[in-house]
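**Q** Structure, please.
(one chain, ligands or ions: 2)
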Amino acid sequence: MNKLPIIDFSNFKPQTPTWDSVKIQVMKARKNMVVLRLYSMKYLLISRKSIIDRSQLLFDLPLQNKLRNRSDKPYQGYIGQYPMVPLYESLGIEDAVFRVQKYDAPKSQETKIGLTSHTDKNIVTILYGNEVKGLEVLTKDSNWINAEPSMNSFIVMIGDFFHAWTNGRMHSAHHRVTMAGDEARYSFGLFSIPKSAYIIKAPKEMVDEEHPLLFKPYDHLKLMEFYYIGAGRSSPNTLKTYCGA
Ligand SMILES: O=C(O)CCC(=O)C(=O)O
Ligand SMILES: [Fe+2]
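**A** Numbering: from 1, shown residues only. Ligands and ions are numbered 1, 2, ... in the order given. Modelled structure (predicted):
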């Protein structure tokens, strides 16, 4: 497979043949990779330009202004100026799950790291962006494939919460951003997160002889701290290192 599965949600209504066919496609996709494109929402085409224009203005603000949106919590407020990912910066709304991200065009001809390979730690991520490509997803058979930008679709990605809660049935794919060319990439993400202090634990229905428990119960915020502040970043599988059963 060298393309993301594309699932058309545009005529998605309960009790219709489309409903059943979409359901089957979603189940198939989650076994292979679980990065879906949702074709729908024509109004996005109109609003997309204005979202990107406004994001440009936001990131063009002086650094000291952007730094005022700083947070002590992991993955909140302004993130940027990291030597490991010098092209990347992003702004999030405190305690909300919306984040605007910018990847500068690389300064030289070489391809550059925009974001290092990771799995999302949250429940589900919904991504939308401008026409500059860069997002790459690792398939279960270890091939990196490009997520081609598309104006009328979102990319939906399963996070580690769902992977743990379904005891491995849903796959949280590794992904990264690689930049090339001379245009900046903008992306917008909705990162759903559990309520604070919610302990993530696979329900007993998800655990059986064929599916032994993969992870001990854990707190999402503690996992985030382990990833961003602790030793978790260097681990290829942060969740397993943190709370593998
Ligand atoms: O910008 C993108 O397309 C990917 C962003 C991402 O992977 C993340 O913020 O976790
Ligand atoms: Fe991500």
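
**Q** drop to CA atoms for contacts and neighbour counts, all remaining ones
**A** Noted.

**Q** Can you name the residues of the chain that neighbour ligand 1?
**A** Neighbours of ligand 1 within the chain, by CA under 6 Å from any ligand atom: 120, 135, 187.

**Q** these two touch, right, the second one and Thr178?
**A** This points to Leu135. Yes. Between Leu135 and Thr178 there is a contact at 6.5 Å, judged by CA atoms under 8 Å.

**Q** Secondary structure of Ile52: a helix, I assume?
**A** Yes. Counting by DSSP: H, G, I helix; E, B strand; the rest coil, Ile52 is found in a helix.

**Q** OK, contacts around it?
**A** With contacts defined as CA atoms under 8 Å, 6 or more residues apart in numbering, Ile52 is in contact with 130, 186.

**Q** The chain should start at 34 in everything you say after this.
**A** Shifting the count to begin at 34 puts that one at Ile85.

**Q** List phi and psi for the residue minimising distance to the centre of the chain.
**A** The centroid of the chain falls nearest to Thr158 when counting by CA atoms, centre = their mean (4.6 Å). Thr158 adopts backbone torsions of phi -110, psi 140, taken as degrees, to the nearest 10.

**Q** isn't it right up against Phe195?
**A** No. Counting by CA under 8 Å, Thr158 does not reach Phe195; the two are 10.7 Å apart.

**Q** The residue nearest to the centre of the chain - nearest residue in space that isn't next to it in sequence?
**A** Using CA to CA, 6 or more residues apart in numbering and skipping the chain neighbours, the partner closest in space to Thr158 is Phe224 (4.6 Å).

**Q** neighbours around Pro47, how many?
**A** Under the neighbour criterion other CA atoms under 10 Å, Pro47 is assigned a count of 9.
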